[in-house]
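In: what would the 3D arrangement of this be:
(one chain, ligands or ions: 1)
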Amino acid sequence: MKGIENLGKILGLVIALFYFLFFQGNETYEYVFFVLVLVTVGIPHGAVDHLLVSPHLTKSKLISFLLKYIGIIAIYLIAWFFLPQISLIAFLIMSAYHFGQSHFIQSEIQKLKKTTYMLVGGFYLSIILWSDFSYTQKLLSSLINIENLESYGPGLIFFTFILSNILTAYNQPSRASFHILESVVLGFVLYHLPLLLGFIIYFGFWHALPSMNEEYRSLKKFLGENKRSNFLKKLMPFTALSLAGMWILLMLFYPSMTENELILLFFILISLISAPHIWFMNRFLESKKA
Ligand SMILES: CC1=C(/C=C/C(C)=C/C=C/C(C)=C/C=C/C=C(C)/C=C/C=C(C)/C=C/C2=C(C)CCCC2(C)C)C(C)(C)CCC1
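Out: Numbers count the residues shown, from 1 in each chain. A predicted model of the protein is given here:
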């Protein structure tokens, strides 16, 4: 299944190439791929979190898992309500760690592991957010004014690029040139894409698909004869539930919010399901390496 990961990355680059060649400035192209990648890999990659705890969950273990999962969502929701700016910063820090971690799913980092994850994820996230800074600023305007952060972008990108590559090279000398090449090529592509398209290509093909591939690999022996179709079936219930929940909430707020506010609300909803997912995924990935 390593092939599917590479295929996904090639597909991501092809979507970007088509944007540069034929669809520059076309918002429909951007939204269509945003929704497609989100629905097919983005959301589903979190939908088997319960099976990562244990592939054969008893009823009581499932209930305890659900209580923890929904409990984390509820606490984070309250935090968004009362401390929105701190919740945003927490979301960015968690995301940087989580994205960085997925670059090392199949390899081990020995020295300064968490710092390496943070710097790798921080590099890609800062490229995405600063590449189209005025739009990022607009989307966040109902929450926070980030106008005076614009000038920090180039420094942050440079700093995270250099340090993440030094740490990666120190930990994995044989893969150093691959990581440098990947960060230069992918960084260049993401920097030139509009915000939402850059985000979804990175999120879908460099994060969600490799994570899902790892989930499949570890659940494979419990999936019976038709492994792939059984895996897809297992992804369905919580994917459908999450999509339906987000859709209903967005539709409820649709009449009273602007387009940018709805996009921000969408990211807040994503942050809510991502918080427990990051926690469970971290336990799953790190316990495999221990
Ligand atoms: C199991 C379960 C479930 C499901 C789950 C799921 C399905 C999950 C998923 C998960 C996921 C799916 C995750 C994700 C993650 C993501 C992330 C981590 C992201 C990040 C992002 C960011 C960071 C952003 C940023 C930005 C932009 C881009 C623009 C605007 C501005 C801002 C800054 C916001 C439920 C709940 C039903 C129930 C219980 C159990």
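
In: rest of the way, CA atoms for contacts and neighbours
Out: Noted.

In: what's the helix or strand for Lys224?
Out: Rather than Lys, residue 224 is Gly. Per DSSP states H and E: Gly224 is located in neither a helix nor a strand.

In: tell me how many other residues surround it.
Out: Counted by other Cα atoms under 10 Å, the residues lying close to Gly224 total 11.

In: residues contacting it?
Out: By Cα atoms under 8 Å, 6 or more residues apart in numbering, the residues touching Gly224 are Asn230.

In: next: Val48.
Out: 215, 234-235, 238 are the contacts of Val48 under Cα under 8 Å, 6+ apart.

In: check the gap between it and the ligand for me.
Out: 6 Å (Cα to the nearest ligand atom, to the nearest Å).

In: please apply the same query to Thr58.
Out: Counting by Cα to the nearest ligand atom, the gap between Thr58 and the ligand amounts to 15 Å.

In: over to Lys288?
Out: Using Cα to the nearest ligand atom, Lys288 is found at 20 Å from the ligand.

In: SS state for that residue?
Out: Three-state assignment for Lys288 (DSSP: H, G, I helix; E, B strand; the rest coil): helix.

In: all further residue positions should be reported with the first residue as 24.
Out: In the new count, where the first residue is 24, that last one comes out as Lys311.

In: count the neighbours of it for me.
Out: By the criterion of other Cα under 10 Å, Lys311 has 11 neighbours.

In: what ranges do the helices span in the protein?
Out: 25-45, 50-60, 72-76, 82-105, 107-124, 136-154, 156-163, 176-194, 199-215, 218-224, 232-242, 250-276, 282-312 (DSSP state H).

In: mean pLDDT and distance to Ile169 added to those helices, as a markdown table?
Out: Output for the helices of the chain, formatted as a markdown table (pLDDT from 0 to 100; distance: least, Cα to Cα, whole Å):
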| stretch | mean pLDDT | distance to Ile169 |
| --- | --- | --- |
| helix 25-45 | 95 | 27 |
| helix 50-60 | 98 | 24 |
| helix 72-76 | 94 | 34 |
| helix 82-105 | 97 | 18 |
| helix 107-124 | 98 | 11 |
| helix 136-154 | 98 | 11 |
| helix 156-163 | 98 | 6 |
| helix 176-194 | 97 | 11 |
| helix 199-215 | 97 | 19 |
| helix 218-224 | 98 | 16 |
| helix 232-242 | 96 | 31 |
| helix 250-276 | 97 | 24 |
| helix 282-312 | 95 | 14 |
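
In: can I get these in JSON lines with distance to Glu170?
Out: Shown next, in JSON lines, are the helices of the chain (distance: least, Cα to Cα, whole Å):
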{"stretch": "helix 25-45", "distance to Glu170": "28"}
{"stretch": "helix 50-60", "distance to Glu170": "24"}
{"stretch": "helix 72-76", "distance to Glu170": "37"}
{"stretch": "helix 82-105", "distance to Glu170": "21"}
{"stretch": "helix 107-124", "distance to Glu170": "15"}
{"stretch": "helix 136-154", "distance to Glu170": "11"}
{"stretch": "helix 156-163", "distance to Glu170": "7"}
{"stretch": "helix 176-194", "distance to Glu170": "11"}
{"stretch": "helix 199-215", "distance to Glu170": "19"}
{"stretch": "helix 218-224", "distance to Glu170": "17"}
{"stretch": "helix 232-242", "distance to Glu170": "34"}
{"stretch": "helix 250-276", "distance to Glu170": "27"}
{"stretch": "helix 282-312", "distance to Glu170": "17"}
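
In: hang on, the earlier thing: tell me the one of the contacts of Val71 nearest the ligand?
Out: Distances from the ligand to the contacts of Val71, taken as Cα to the nearest ligand atom, are shortest for Phe261 (4.4 Å).

In: show me the contacts for that closest one.
Out: 67, 70-71.

In: Serialize those to a markdown table and add fields for pLDDT.
Out: What follows is those, written out as a markdown table (pLDDT from 0 to 100):
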| residue | pLDDT |
| --- | --- |
| Pro67 | 98 |
| Ala70 | 97 |
| Val71 | 97 |
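
In: quick one, which of the contacts of Val71 are buried?
Out: 238, 257-258, 261 (16 or more other Cα atoms under 10 Å).

In: out of those, which touch the ligand?
Out: Restricting those to those near the ligand by Cα under 6 Å from any ligand atom leaves Phe261.

In: list just the nearest of the buried ones among the contacts of Val71 to Thr159.
Out: Using Cα to Cα, Phe261 comes nearest to Thr159 of the buried ones among the contacts of Val71, at 29.6 Å.

In: what does the protein have sitting close to the ligand?
Out: Checking the chain against the ligand by Cα under 6 Å from any ligand atom, the hits are 65-67, 69-73, 89, 92-93, 115, 118, 159, 162-163, 222, 261-262, 264-265, 290, 293, 296-297, 300.
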